[in-house]
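Structural data only, the sequence is not supplied:
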C-alpha cells in the first residue's frame, strides 16, 4: 500500500479495461445529491478508453435510477453483487432470490422498522446485527457490515462475485479491472482487482488492503486515483508483489 504516491505494481500484470467504483462515501459524499463531479470523473474514465461499473450495496432499483442520470456507466453491480446489469439496459441477473425470500420470512416475525429490502439484499441498522443474526441462524447467509448498516446476503455473494458476472457479460478477463472504494464490503472486490485504491475516508481495513490510498476523500479521491495511478498504469515497469 502507498499513501498518496505511485501505487505498488500489480502482480501479475493485467491489461486494464474497466474501473469498478463504489458509490456511497466513495464517488458520492454522505448525503450527496449533486452528480456533477461524479459525471466529470466518469467522463474522464471514458476518455481513457475504459468502461465503468458502479458497484454498490444499494438496492438495484435505486442504483439503476441513478445510473440513468449519469453518463458513461457500462454496467451495474447492485445489492453487493446480488443483482448485475451488464451491459446497462440489459436484463438484470439476480442471484439468491430464493434465499432472500427465506430471510424475509424470518424477519417478518420481528415486525421491525428501518429494514430496507431490495431484490435480494436485506439491510438493517448495525445495532440490530446481533438480533438479526439469531433470527437467520441456520440459513446459508452472510451478514456483511457496510458503514452504519449490516446487509444480509446469500453466502458467497459479494461485489467480487457480481463483478465477475459483469466481466463475463462484457466479454472481459477476470482481472481486467481497477477498483476503488471505502467500506468493508468493498474488500473482496478490491483484492481481486489488478489495481486497487481507497479514498482517504476509507475504513482502516480497506486502507490496509489496497495498492494506493488517496490524499483526498470521496469524489475528489476518485478523481485523484483516476488521474494518477489509473492513468499511469500502462507505463508501470516490471511488476512487483503486492504487500498485504
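Now that the structure is in, tell me what you want to look at. In this text the structure is predicted, and so the values were computed from the model without any measurement.

Quick check: the gap between the residue positioned nearest the centre of the chain and residue 86.
Centrality entry for the chain: nearest residue to the mean C-alpha point is residue 55, 3.5 Å, by Cα atoms, centre = their mean. In this view, residue 55 and residue 86 are 11 Å apart by Cβ to Cβ, to the nearest Å. The way it works is simple: take the backbone N, C-alpha and C, and place the C-beta from them, glycine included.

and what of residue 189?
Counting by Cβ to Cβ - residue 189 and residue 86 are separated by 15 Å.

Between these two, which is the more surrounded one?
Neighbour count, other Cβ atoms under 10 Å: between residue 189 and residue 86, residue 189 has more, with 27 against 24.

Against residue 224, how distant is the more buried one?
Residue 189 is 19 Å from residue 224, by Cβ to Cβ.

again, but for residue 157
From residue 157 across to residue 224, the span is 30 Å (Cβ to Cβ).

Could you do residue 177 as well?
Separation of residue 177 from residue 224 (Cβ to Cβ) stands at 18 Å.

So for these two, which sits in the more crowded spot?
residue 177 (28 against 22).

Assess the claim that that one and residue 15 are in contact.
No. Judged on Cβ atoms under 8 Å, residue 177 makes no contact with residue 15 at a distance of 10.3 Å.

joint contacts of these two?
By Cβ atoms under 8 Å, 6 or more residues apart in numbering, residue 177 and residue 15 have no common neighbours.

Would you map out the domains in the protein?
For the chain, the structural domains run 2-94+157-235, 97-154, going by automatic domain parsing.

Reformat the ones you listed as a markdown table; add mean pLDDT.
As requested, these are exported to a markdown table (pLDDT from 0 to 100):
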| stretch | mean pLDDT |
| --- | --- |
| domain 2-94+157-235 | 91 |
| domain 97-154 | 93 |
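
Just say which of these is most tucked in.
Most buried of those by mean neighbour count (mean count of other Cβ atoms under 10 Å) is domain 2-94+157-235; its value is a mean of 20.

for the chain, what spans make up the helices?
Per DSSP state H, the chain carries helices over the ranges 36-47, 60-69, 97-108, 129-135, 159-169, 187-192, 204-207, 218-225, 231-232.

so which of these gets nearest residue 118?
Nearest of those to residue 118, taken as Cβ to Cβ: helix 60-69 at 5.8 Å.

My guess is residue 221 contacts residue 214. True?
Yes. Using Cβ under 8 Å, residue 221 and residue 214 qualify as a contacting pair, with a distance of 3.6 Å.

which residues are in contact with both of the two?
In contact with both residue 221 and residue 214: 180, 197, 198, 199, 200, using Cβ under 8 Å, 6+ apart.

Please give me every residue in contact with the residue lying closest to residue 57 once chain neighbours are set aside.
Take residue 57 and drop its neighbours on the chain: the residue closest to it by Cβ to Cβ, 6 or more residues apart in numbering is residue 80, 4.5 Å away. Shown in contact with residue 80 (Cβ under 8 Å, 6+ apart): 56, 57, 121, 144, 146, 151, 153, 157, 158, 159, 162, 185.

Residue 192 too?
160, 163, 164, 174, 175, 179.
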